[in-house]
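> just a sequence and a predicted model for now, questions to come.
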There are 2 protein chains.
Amino acid sequence: MGRGRRPAGEVRADVIHAVGHILLAEGLAGLTYERVARESGVSKATLYKAWASLGVLALDGYVHAVEDTLAFPDTGDIRADLAHQLHRFVTLMTTTPAGRLLPELIGRSQADPELSAAYRELYSSVRRRLATDRMAAAQRAGQIRDDVDVRVLVDQLWGAVYHRLLVPDEVVDHAFAEALLANVLDGVLVGESTR
Amino acid sequence: MGRGRRPAGEVRADVIHAVGHILLAEGLAGLTYERVARESGVSKATLYKAWASLGVLALDGYVHAVEDTLAFPDTGDIRADLAHQLHRFVTLMTTTPAGRLLPELIGRSQADPELSAAYRELYSSVRRRLATDRMAAAQRAGQIRDDVDVRVLVDQLWGAVYHRLLVPDEVVDHAFAEALLANVLDGVLVGESTR
């Protein structure tokens, strides 16, 4: 394996697949260039050339590994669709190494501007766009008010989950996901909600 | 200075004051045991004994330094009171080194269980309690619905700000603070808000 000349796209797909598999099974601790070379059949020289740091390699693999799990359905019902996605996100964060991997990468990126830029470019801005696209569609469908900046909702739903993962004063569970959604969809003030 | 025997409470107050002053002026980069000893007139030996790490010393000084700035008013109007506090929090995070200090400490704590425990014990759990106390009072006053878990609102207001500080895809400003508050107080769905 890895000796013949394979198309670049195929090589990349094999690497990304191997990285995603390692990360979701073992987290960042399991990720080394050696291990990825072995599992993907791609030489370490090629890996070093294409992915300058393990952090960048991890991000590239992770965003693809969770693409399907974290996809946003569009059934036309924004409450149901957000609930579906948010519960899958909470499951991912609480039952796989992803729940340690992402806080670890965010943590490291505070003192590493290159990793911070890579995190935003390869992961968080991609996920933000998918979320705001779905919520903007709900706005066009007349379900979310026009005056709402849906980018802020990203911080109040997924960002709130990251907050508890990064500063674990309180637990992340499915009741938390339900409460996050109910609060921003319905509002919490007495007399300003129809519930 | 620092030669005579001063009461422990006075020594502690001087140290805490010096640490808070350094942190709000220069952030974590300016904090050393030497500097604190010089500014507080307390011996380094005493500092090492009472504060086992610079992280713990920073947290202890910081929580006191921001106590007044981040106090929760209680005028009886929960919307106005939260807005007042949240805007002061945003000002603190965007115009002083606090906006780098806290993400830095949260970042380091991801790989440092002792710092993580100290952060929660000395800072985040203290701030959480002050916020939930004010919101629970609004619940008792019939302003926030009884079925709302006010602990979740901590993550959707202040936690959302930390999210943008830690992963700066989007800017933290006063418009963001306004939007955070409007979303959770009024809800964002069409037809489920009185706005």
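Received it, and whenever you're ready, just let me know what you need.
> what count of nearby residues applies to residue A:126?
Neighbours of residue A:126 under the rule other CB atoms under 10 Å in any protein chain shown: 14. Bear in mind the C-beta positions are built from the backbone N, C-alpha and C, glycine included.
> contacting residues around it?
Residue A:126 sits next to residue A:63 when contact means CB atoms under 8 Å, 6 or more residues apart in numbering or on different chains.
> what of residue A:92?
For residue A:92, the contacting residues are A:66, A:69, A:70, A:98, A:99, by CB under 8 Å, 6+ apart.
> now residue A:125
residue B:169.
> burial check on residue A:177, number of neighbours?
24.
> before we move on, back to that, counting neighbours, which of the contacts of residue A:92 end up buried?
Using 16 or more other CB atoms under 10 Å in any protein chain shown as the burial test, the contacts of residue A:92 include A:66, A:70, A:98, A:99 as buried.
> so what's the third one closest to, chain neighbours aside?
When you say that, I think you mean residue A:98. Nearest non-adjacent residue to residue A:98, counting by CB to CB, 6 or more residues apart in numbering or on different chains: residue A:92, 5.1 Å away.
> continuing past the helix or strand containing that neighbour, what's the next helix or strand?
Assessed by DSSP states H and E, residue A:92 sits inside helix A:78-95. Downstream of helix A:78-95, the first helix or strand assigned by DSSP H and E is helix A:98-109.
> centre of the chain to that following helix, how far?
Here helix A:98-109 is found 11 Å from its chain centre; the criterion is CA atoms, centre = their mean, to the nearest Å.
> next: stretch A:18-31.
15 Å.
> how about that stretch: buried residues?
A:18, A:19, A:20, A:21, A:22, A:23, A:24, A:27, A:28, A:31.
> what do you get for stretch A:35-47?
Residues A:36, A:37, A:40, A:42, A:46, A:47 are the ones in stretch A:35-47 that count as buried (16+ other CB under 10 Å).
> and for stretch A:114-131?
Judged by neighbour count using 16+ other CB under 10 Å, the buried positions of stretch A:114-131 are A:115, A:116, A:118, A:119, A:120, A:122, A:123, A:124, A:127, A:128, A:131.
> distance of the fourth one from residue A:107?
According to CB to CB, to the nearest Å, residue A:119 and residue A:107 sit 11 Å apart.
> next up, phi/psi of residue A:144, please.
phi -110, psi 140 (degrees, to the nearest 10).
> that one: neighbour count?
By the criterion of other CB under 10 Å, residue A:144 has 22 neighbours.
> which residues does it contact?
When contacts are counted by CB under 8 Å, 6+ apart, residue A:144 touches A:78, A:135, A:138, A:150, B:188, B:189, B:190.
> inside helices: which ones of these?
Those of the contacts of residue A:144 mapping onto helices are A:78, A:135, A:138, A:150, per DSSP state H.
> out of the residues you listed, who's near chain B?
Near chain B, judged by CB under 8 Å from any CB of the partner chain, the entries from the ones in helices among the contacts of residue A:144 are residue A:78.
> among the buried residues of stretch A:114-131, which are in reach of chain B?
Filtering the buried residues of stretch A:114-131 for proximity to chain B by CB under 8 Å from any CB leaves A:116, A:119, A:120, A:124, A:128.
> please enumerate the helices of chain A.
Using DSSP H, helices in chain A cover A:8-26, A:33-40, A:44-50, A:54-65, A:78-95, A:98-109, A:113-118, A:125-140, A:150-166, A:174-186.
> and these as JSON lines, adding distance to residue B:62 and mean pLDDT?
Formatted as JSON lines, these follow (distance: least, CB to CB, whole Å; pLDDT from 0 to 100):
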{"stretch": "helix A:8-26", "distance to residue B:62": "34", "mean pLDDT": "93"}
{"stretch": "helix A:33-40", "distance to residue B:62": "39", "mean pLDDT": "97"}
{"stretch": "helix A:44-50", "distance to residue B:62": "41", "mean pLDDT": "95"}
{"stretch": "helix A:54-65", "distance to residue B:62": "29", "mean pLDDT": "93"}
{"stretch": "helix A:78-95", "distance to residue B:62": "28", "mean pLDDT": "98"}
{"stretch": "helix A:98-109", "distance to residue B:62": "19", "mean pLDDT": "94"}
{"stretch": "helix A:113-118", "distance to residue B:62": "23", "mean pLDDT": "94"}
{"stretch": "helix A:125-140", "distance to residue B:62": "30", "mean pLDDT": "98"}
{"stretch": "helix A:150-166", "distance to residue B:62": "17", "mean pLDDT": "98"}
{"stretch": "helix A:174-186", "distance to residue B:62": "27", "mean pLDDT": "98"}
